[in-house]
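K.L.:
what would the 3D arrangement of this be:
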Amino acid sequence: MFIKGDCVKHPNAPDWGIGKVLENALDDKVKIFFVNVGEKLLNLKHVNLIKLEGVDAIHPILDNPGLADRGKGKKFKSLPQAKAEFLAVYPDGFEDGGYCNDERSYKIEAHKLMLKLLDEVTFKQLLEVADFKEICKRALQVVNKTNLIFPNEKMALKDGLATEKAEKLFAESLYSLLYGKNDLRERFKVFSDCLYEINAAKWTTMSYFLFITYPSDHMFLKPTVTQNSADLCAFELNYRSELNWLTYKCLLEFSAYLNSALVELELEPRDMIDVQSFMWCIAPNQLK
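P.N.:
Numbers count the residues shown, from 1 in each chain. As a prediction, the model looks like this:
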């Protein structure tokens with residue numbers, strides 16, 4: 001007998017991946033969420049499920065709270081399905097010329113511009129001579145290099161930097177975020193407090209600079225697109241519109257999971273730019 005929380009595999013459908021029992025089996029029927037196909041109602045008279053234990057039962061999707069609610073309905077789309085839709089538009093995957101032109105190249109150019117204008121050495125030198133205005137000017141150049149941040153949010157950031165006090169606060173907190181030696185959680189808090197102070201506290205602005213500076217490790221959070229991807233994967237993002245560490249921590253965990261999953265699907269993302277671009281491409285109405 002299977003009970004809620006048991007992890008299983010279907011012996012005749014290994015491509016379904018690991019599953020988690022959502023409710024105690026009743027009348028030989030059991031409801032299970034499989035990572036690759038979503039929710040299934042199975043009759044135990046017709047299938048001998050394999051119960052998994054220990055490390056075999058560990059999976060980041062199945063270990064997230066609220067799985068039963070997040071996995072329900074038509075919203076679920078397996079990553080193999082998402083991959084198929086992505087390849088239908090970009091047959092060569094992340095190496096596809098159309099993909100690079102549409103989604104990757106301009107983000108790489110923004111990354112290069114960031115390293116040119118505000119690398120750690122240059123940034124520190126500007127801070128040492130208290131040229132906060134120049135730092136802000138360069139930061140806005142990097143922001144304007146892409147369309148990732150909404151125009152009204154770009155304007156809010158620009159308007160928020162209208163005073164010398166705001167320029168100093170922003171410059172020092174951005175340096176701390178990118179190059180500080182404290183724990184990332186502490187640096188996140190310092191920068192988010194700054195954005196609230198200058199009335200520019202949006203997730204796109206909060207996550208942009210880490211993503212553009214360190215595309216191998218950090219992720220950009222565009223709320224609707226990112227939540228859609230998390231929902232499709234039944235991953236608990238713990239999203240709140242207010243800037244907070246839990247949501248960002250979950251974002252990094254989700255990004256790492258999605259990166260690994262895409263590698264297993266032989267899409268081979270080079271960095272989080274590819275992962276973020278994949279998120280965007282599988283959002284509703286993006287792929288044509």
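
K.L.:
which residues of the stretch 1-150 of the chain fall in helices?
P.N.:
Taking DSSP state H, counting those that start in this stretch, the helices of the stretch 1-150 of the chain run over residues 67-70, 79-89, 97-99, 105-117, 120-128, 132-143.

K.L.:
which strands and helices sit next to the fifth one?
P.N.:
This points to helix 120-128. With contacts defined as 3 or more Cβ pairs under 8 Å, 6 or more residues apart in numbering; DSSP states H and E, helix 120-128 has these neighbours: helix 132-143, helix 164-179. Yep, even glycine has a C-beta here, placed from its N, CA and C like the rest.

K.L.:
for Leu157, which of the ones you listed is the nearest?
P.N.:
helix 132-143 (6.7 Å; Cβ to Cβ).

K.L.:
tell me which residues of that closest one are tucked away?
P.N.:
Burial within helix 132-143, assessed by neighbour count using 16 or more other Cβ atoms under 10 Å, is assigned to Phe132, Glu134, Ile135, Cys136, Arg138, Ala139, Val142, Val143.

K.L.:
again, but for stretch 220-233
P.N.:
Buried residues in stretch 220-233, counting neighbours by 16+ other Cβ under 10 Å, are found at Phe220, Leu221, Lys222, Val225, Thr226, Asn228, Ser229, Ala230, Asp231, Leu232, Cys233.

K.L.:
and the fifth one, which of the three is it?
P.N.:
Using DSSP: H, G, I helix; E, B strand; the rest coil, the three-state assignment for Thr226 comes out as helix.

K.L.:
confirm Ala200 sits in a strand?
P.N.:
No - Ala200 is assigned coil when assessed by three-state DSSP, not a strand.

K.L.:
count the neighbours of it for me.
P.N.:
Ala200: 23 surrounding residues under other Cβ atoms under 10 Å.

K.L.:
okay but it is in contact with Ala156, surely?
P.N.:
Yes - when contacts are counted by Cβ atoms under 8 Å, Ala200 is listed as touching Ala156 (4.7 Å).

K.L.:
contact partners for Gln276?
P.N.:
The neighbours of Gln276, taking Cβ atoms under 8 Å, 6 or more residues apart in numbering as the test, are Lys107, Phe211, Met219, Phe220, Ser255.
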